[in-house]
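1. Got a sequence here, can you model it:
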Amino acid sequence: MKKKKLAIFALTGVVATTLVVGGATYALFSSSVVNHNTVESGTLIITAKRDDVPNVGPMFYTQSVIGQVGAMPTGEWAPGDKHTRGLFLSNTGSLAAKLKTLTIIPTNSSAQPVSTSSVGANLQAYNDSILFARQARVKIWEVKEYDPTRGLIPFTRMDGSDMDLVMDIINEGYRIWYDANPSADLQDQTQVAQLLNAVNAYLLEQLNERGSSVNNRLFNVVKMYDQPLINFVNTPLQASSFGIELQPGEATLLAYTVEMNRIPPAGIDPNSFQGKSVFFTFGSKWEQSAHN
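-> Numbers count the residues shown, from 1 in each chain. Next up is the predicted model:
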């Protein structure tokens, strides 16, 4: 009998980007993980979390309130802001899996997908999401644990506080490098390599200085992809070239940097986003590695 391909979708890391100038609104909602499994001779299950235990919840949110999980609110957004948050993906099934696509889907405040066919408030939510996506970029960094005696090693588990610290340092390192290289072209792989070297040097320096719960663990950014956010919206990004594959029990850490451009593209009123809230669900699709 011909074996069927096993596939799983992990819709995860609900992202709320709220930008308010002169206002005080914020978004509060929960992330979700949806697993659809087809079983033939094993299981393919990707578990996705904002952080590993103890923190789960939204990747991006403006401020913490009572009862909300997570530890790194962004504050209110303004043009030029950039924030980095992590998505920890672990293979809890029995089959090896490889990453196939990544998606970013506009939703309403209840994490329900919205589109051009929506009506009323949901159509407005979709239009606001598109407005934001047209003037924002997203960078996806692959982060690996590093052992000086063995090189890059697979994740099996990561504490939420560890990840928050690593995301914070990546964000700072990128901001420092970009401020010093404002005309950098991140489609140029030579300049991408320079950026990664700078961020990794900053990671090493800061982890050695800060300590905390990392307990002398080291991390490296090994890849970075830079795209306009609008390129992801409703269009799966083919991610096979990322080369991300997880054996059972292994995990990977993807860092997402969302950046709102200082100056919007031609035709967009610079003040058109004041007081608005937008919501996205970040999703990933994985398939079995064997016979594929």
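2. does residue 173 belong to a helix or a strand, and which?
-> Per DSSP states H and E, residue 173 falls inside helix 160-180.
3. Next secondary structure after that helix?
-> Next in sequence after helix 160-180, counting helices and strands by DSSP H and E, comes helix 189-210.
4. Keeping just the C-alphas, turn that next one into PDB.
-> The C-alpha coordinates for helix 189-210 follow below in PDB (Å, rounded to 0.1, in the frame of the first residue of the first chain):
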ATOM      1  CA  GLN A 189      23.400  38.100   1.400                       C
ATOM      2  CA  THR A 190      26.800  39.600   2.100                       C
ATOM      3  CA  GLN A 191      25.100  42.300   4.200                       C
ATOM      4  CA  VAL A 192      22.900  39.700   5.900                       C
ATOM      5  CA  ALA A 193      26.000  37.800   6.900                       C
ATOM      6  CA  GLN A 194      27.500  41.000   8.400                       C
ATOM      7  CA  LEU A 195      24.300  41.500  10.300                       C
ATOM      8  CA  LEU A 196      24.200  38.000  11.700                       C
ATOM      9  CA  ASN A 197      27.900  38.200  12.700                       C
ATOM     10  CA  ALA A 198      27.200  41.500  14.500                       C
ATOM     11  CA  VAL A 199      24.000  40.100  16.300                       C
ATOM     12  CA  ASN A 200      25.800  36.900  17.300                       C
ATOM     13  CA  ALA A 201      28.800  38.900  18.700                       C
ATOM     14  CA  TYR A 202      26.300  41.000  20.700                       C
ATOM     15  CA  LEU A 203      24.500  37.900  21.900                       C
ATOM     16  CA  LEU A 204      27.700  36.400  23.200                       C
ATOM     17  CA  GLU A 205      28.700  39.600  24.900                       C
ATOM     18  CA  GLN A 206      25.400  40.200  26.500                       C
ATOM     19  CA  LEU A 207      24.700  36.600  27.600                       C
ATOM     20  CA  ASN A 208      28.100  36.600  29.300                       C
ATOM     21  CA  GLU A 209      27.300  39.800  31.100                       C
ATOM     22  CA  ARG A 210      23.600  39.300  32.000                       C
END
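5. tell me the angle of it relative to helix 160-180?
-> 130 degrees (axes from the mean of the first three to the mean of the last three Cα atoms, to 10 degrees).
6. how about helix 189-210: buried residues?
-> Across helix 189-210, burial judged by 16 or more other Cβ atoms under 10 Å covers 192, 195, 196, 198, 199, 200, 202, 203, 206, 207. No exception for glycine: its C-beta is placed from N, CA and C like everyone else's.
7. Just the buried residues of the helix holding residue 173, please?
-> When burial is assessed from 16+ other Cβ under 10 Å, helix 160-180 yields the following buried residues: 160, 162-171, 173-174, 177.
8. Mind checking the pLDDT average for that helix?
-> Helix 160-180 shows a mean pLDDT of 88.
9. same deal with stretch 78-86?
-> In the prediction, stretch 78-86 has an average pLDDT of 85.
10. buried residues in that stretch?
-> The neighbour-count check on stretch 78-86 (16+ other Cβ under 10 Å) flags 79, 81, 82, 83, 84, 85, 86 as buried.
11. ok, now stretch 225-232?
-> Counting neighbours by 16+ other Cβ under 10 Å, one finds that the buried residues in stretch 225-232 are 225, 226, 227, 229, 230, 232.
12. what separates residue 235 from residue 260, distance-wise?
-> Computed as Cβ to Cβ, to the nearest Å, the residue 235 to residue 260 distance reads 20 Å.
13. Those two - which one has more neighbours?
-> residue 260 (20 against 11; other Cβ atoms under 10 Å).
14. which residues are contacting stretch 185-202?
-> For stretch 185-202, the external contacting residues (Cβ atoms under 8 Å, 6 or more residues apart in numbering) are 139, 169-170, 172-174, 176-178, 181, 184, 220-224, 226.
15. Kindly apply the preceding question to stretch 131-140 instead.
-> 17, 19, 79, 102, 104, 106, 174, 186, 224-230, 232-233, 254-261, 264-265, 268, 272-273, 276, 278.
16. just stretch 115-129 next, same as before
-> The set of residues external to stretch 115-129 that reach it, using Cβ under 8 Å, 6+ apart, is 106-109, 112, 114, 233-234, 273, 276-280.
17. Can you name the two of the residues you listed that sit furthest apart?
-> Distance extremes for the contacts of stretch 115-129: the farthest pair is 112 and 273 at 21.9 Å, using Cβ to Cβ.
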